[in-house]
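J.: Need a 3D model of the sequence below.
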Amino acid sequence: MDTHSYNQSMFQELFKKLEALENKQKQGTPDDPYLDLKDTAKFCACSKRTLERDMDKGLLKGYKHGLKWKFKLSDIRSYMESRRTS
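T.: You can find the predicted model right below:
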């Protein structure tokens, strides 16, 4: 499997997970519509530092809640789309 097809399948799997989270939210389940920095990094398959750098660059929108960063699912989706096309 070449790198391009691996990346393509990885992104498809990540988008399936994101859609499942969004569907739970729409169905009125008590899931929080935000992910923290650690969970977002795990979901995006990158480091927390990468997300912090991308926030500094304006590529990812985050919300500071006390001492923790939170990310809306829709913002994560937009960020993932921008990573996919670049």
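
J.: Tell me where the chain has strands.
T.: 34-36, 63-65, 68-72 (DSSP state E).

J.: Would you reformat these as JSON lines and include mean pLDDT and distance to Ser78?
T.: Where C-beta positions appear, they are placed from N, C-alpha and C, glycine not excepted. Below are those laid out as JSON lines (pLDDT from 0 to 100; distance: least, CB to CB, whole Å):
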{"stretch": "strand 34-36", "mean pLDDT": "90", "distance to Ser78": "14"}
{"stretch": "strand 63-65", "mean pLDDT": "90", "distance to Ser78": "14"}
{"stretch": "strand 68-72", "mean pLDDT": "92", "distance to Ser78": "9"}
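
J.: Please dump those strands into TSV; it should also carry distance to Thr50 and mean neighbour count for every row.
T.: Below are the strands of the chain laid out as TSV (distance: least, CB to CB, whole Å; neighbours: other CB atoms under 10 Å):
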stretch	distance to Thr50	mean neighbour count
strand 34-36	15	19
strand 63-65	18	10
strand 68-72	13	18
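
J.: Could you point out which of those sits nearest Leu51?
T.: Smallest distance to Leu51 across these (CB to CB): 8.0 Å, for strand 68-72.

J.: Skipping its backbone neighbours, what lies nearest Ser78 in space?
T.: Closest residue to Ser78 apart from its sequence neighbours, by CB to CB, 6 or more residues apart in numbering: Lys61 at 7.9 Å.

J.: Wait, the one you found touches Lys72, no?
T.: Yes: under the criterion of CB atoms under 8 Å, Lys61 makes contact with Lys72 at 7.4 Å.

J.: Would you check how far apart Lys68 and Leu35 are?
T.: 11 Å (CB to CB, to the nearest Å).
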